[in-house]
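1. prediction below, plus the sequence it came from.
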Amino acid sequence: MTQLNPGPHDVSRILGDLNSAGADREFIAHAELHLPRLHELFVRLYGERADGLERLASVVDLARRSWTERPRALKALDRERDSSPDWFESERMLGGVCYVDRYAGGLSGIRDQIPYFRELGLTYLHLMPLFESPEGNSDGGYAVSSYRRVNPALGTMEELAALAADLRRAGISLVVDFIFNHTSNEHEWAQKAVAGEPGYEDFYLIYPDREMPDAFERTTREIFPDDHAGSFVQLDDGRWIWATFYHFQWDLNYANPAVFEAMAGEMLFLANQGVEILRMDAVAFIWKRLGTTCESLPEAHLLLQAFNAVLRMAAPGLLFKSEAIVHPDEVVSYISPDECQISYNPLQMALTWEALATRDGRLLQQALERRHALPEGTAWVNYVRSHDDIGWTFADEDAAELGIEGYPHRRFLNDFYVGRAEGTFARGVPFQENPRTGDARVTGTTASLAGIEAGDAGGEDRVILAHALALSTGGIPLLYLGDEVAQLNDYSYGERPEEAGDSRWVHRPFRPEQRYAQRTDADTPAGRVFSRLTRLLEVRRATPELGGNELVAFDARVRPVVAFLRPGESGFAVLVAANVADSAVEIDALTLSGLAPEALDLITGAPVWLGAGITLAAHGVRWLRVRTR
Ligand code: GLC
């Protein structure tokens, strides 16, 4: 590691300055804990630059000011979180996600939904990007023009802060995206950078000709090939700028510490509005180096850790959630108490769909067995689907062990879920099909992918099965609001020019009013899915074994069955068993003989006798409280 040079910006000097400036005692205590780490990270990231450590001093000052302005209620929350650091691992946690406009018209409409959120038992609400962004296509708000202004069509920043407080009173943590890999081309920094304004020239990666873009593109991958080839787009003046996603989303240059400082300011601003969890968008892309894929480089981790250290000083109650939809080894590399405490679990999500298509639970079972464990103090966010496409991010090495070849298997899954394979029950839509590489991803609502849209008899059961897994493997389950009433694909996006080119809009429907109206009507798919799913939610809340992350894979010795134990107190555990096949299967008595024969079916409330084996219905799932012997 680089030697730390004592100098005007070393740790003890900065701490000394804080003391003599009369900084708040609590802030100084945070700084004493986290500044040494931040300093070390700065040395590693920026040590070679003359201005690197000067920036550190101004970042600490920024944190100090932010702490001073932090509302009292949020400081109280910081202390509460500090005294129960595992709060987010509880079985009572339940996430929901929605678009503000589509689900509720605006921020005030979201507030009106709080009673419903409580009815569901939400403790976490992710509002999709709500910041000011370009008119027309803004990648669903993922092109941010200001982190301090709410999109006026949705409300204001004051309303957001008030909503955060209302949610908190209802026991719900507000989650928003922190889209820090890029800004929109309309962001003030972007405009200044293009104009060459001093201090902003190096905020983005701009090159005069194709030499560097060509060199980088030899090793980078195309993320949105429907929009543009490669990783760069051309500016009006002929220069080239890095744009991983849409042409109007320009990647920031984090090799410049001024960018770190500027973004830390935006992050702390949001923290002080009452946001409790920041969803760290596109973390794999934040650092670039020639000759690499420019994904998940070591510096990406150092940067996240540095942001984490800044937060721990000025808003210590906040969590980071990582959005890394990459190889499973890389996904876990972002998860630690010092980096991102929680993370999407894209592997479990994708393999749940994989198992439903193949009627073979082995890949998912293998993933639960070897890729589920996490460091202490961290948790998965388990979901059935998101606002994005499904990418088949399983490890080819894992699949090969089961005799499954990655490339053709992914092609099969894509064909299956976009309704091209024979006998498919799914009605998904392809996303970003790349004819050059054969790569593609899939979009669609849970109900449409699971077979309800196609009228398949197993559709509703599959929706329940997929959720039952997400609700029982541990961590924070995340519900895409509307899926609880089995909302279907919305093809009307094709008529809206700003959406027509992005098939992800098919699974971002407007709030399905009619289906919500049917949610108590057992004669409708909405009613049946809602009552079965809310039963699962209720059971999960009352089942401590389903909190935390400890999971022991259980070999049910039947291919279509995914099974595991969630250990609890004094020899008790919950056995979860799900059958992805279209017909019933048996788990025989011998396989269950390590368990006492008396068990309790938590979903039905009925006693179960394991002594003769158990039957799992087609697409059936059981949560059984068992005793190991
Ligand atoms: C994330 C978002 C996705 C967006 C991309 C670019 O992957 O989930 O919707 O397109 O980042 O910001």
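-> That came through, no problem. Numbers count the residues shown, from 1 in each chain.
2. the longest helix in this protein is where?
-> helix 25-46 (DSSP state H).
3. okay, angle between the helix or strand following that one and helix 25-46 too, please.
-> Of the helices and strands lying after helix 25-46 in sequence (DSSP states H and E), the nearest is helix 52-69. Inter-element angle recorded for helix 52-69 and helix 25-46: 150 degrees (by axes from the mean of the first three to the mean of the last three Cα atoms, to 10 degrees).
4. may I see the buried residues of helix 52-69?
-> Residues of helix 52-69 classed as buried: 52-53, 55-56, 58-64, 66-67 (neighbour count, 16 or more other Cβ atoms under 10 Å). Placement of C-beta: from N, CA and C, glycine included.
5. in JSON lines: these, plus pLDDT and distance to the ligand.
-> Formatted as JSON lines, those follow (pLDDT from 0 to 100; distance: Cβ to the nearest ligand atom, whole Å):
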{"residue": "52", "pLDDT": "86", "distance to the ligand": "28"}
{"residue": "53", "pLDDT": "86", "distance to the ligand": "31"}
{"residue": "55", "pLDDT": "93", "distance to the ligand": "26"}
{"residue": "56", "pLDDT": "95", "distance to the ligand": "28"}
{"residue": "58", "pLDDT": "94", "distance to the ligand": "28"}
{"residue": "59", "pLDDT": "97", "distance to the ligand": "24"}
{"residue": "60", "pLDDT": "97", "distance to the ligand": "29"}
{"residue": "61", "pLDDT": "96", "distance to the ligand": "30"}
{"residue": "62", "pLDDT": "97", "distance to the ligand": "25"}
{"residue": "63", "pLDDT": "98", "distance to the ligand": "26"}
{"residue": "64", "pLDDT": "97", "distance to the ligand": "31"}
{"residue": "66", "pLDDT": "98", "distance to the ligand": "25"}
{"residue": "67", "pLDDT": "98", "distance to the ligand": "29"}
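6. possible to save the residues you listed as CSV with distance to residue 523?
-> Below are those laid out as CSV (distance: Cβ to Cβ, whole Å):
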residue, distance to residue 523
52, 66
53, 68
55, 63
56, 64
58, 64
59, 60
60, 62
61, 63
62, 58
63, 57
64, 61
66, 54
67, 56
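7. quick one: residues contacting residue 561.
-> 361, 577-580, 585, 587, 616 (Cβ atoms under 8 Å, 6 or more residues apart in numbering).
8. just the ones in helices from those residues, please.
-> The helices in this structure, assigned by DSSP H, contain none of these.
9. give me the secondary structure label for the closest residue to the ligand within the stretch 401-550 of the chain.
-> In the stretch 401-550 of the chain, the residue that lies nearest the ligand is residue 504 (6.9 Å; Cβ to the nearest ligand atom). Three-state call for residue 504 (DSSP: H, G, I helix; E, B strand; the rest coil): helix.
10. what's around the closest residue to it other than its chain neighbours, how many residues?
-> Among residues not flanking residue 504 along the chain, residue 443 sits closest, at 5.0 Å (Cβ to Cβ, 6 or more residues apart in numbering). Residue 443 is flanked by 26 other residues according to other Cβ atoms under 10 Å.
11. for residue 443, give me phi and psi.
-> phi -120, psi 160 (degrees, to the nearest 10).
12. close to the ligand: what parts of the stretch 451-600 of the chain are there?
-> Residues of the stretch 451-600 of the chain found near the ligand (Cβ under 6 Å from any ligand atom): none.
13. same check on the chain?
-> Residues of the chain found near the ligand (Cβ under 6 Å from any ligand atom) are 139-140, 142, 179, 245, 281-282, 323, 387-388.
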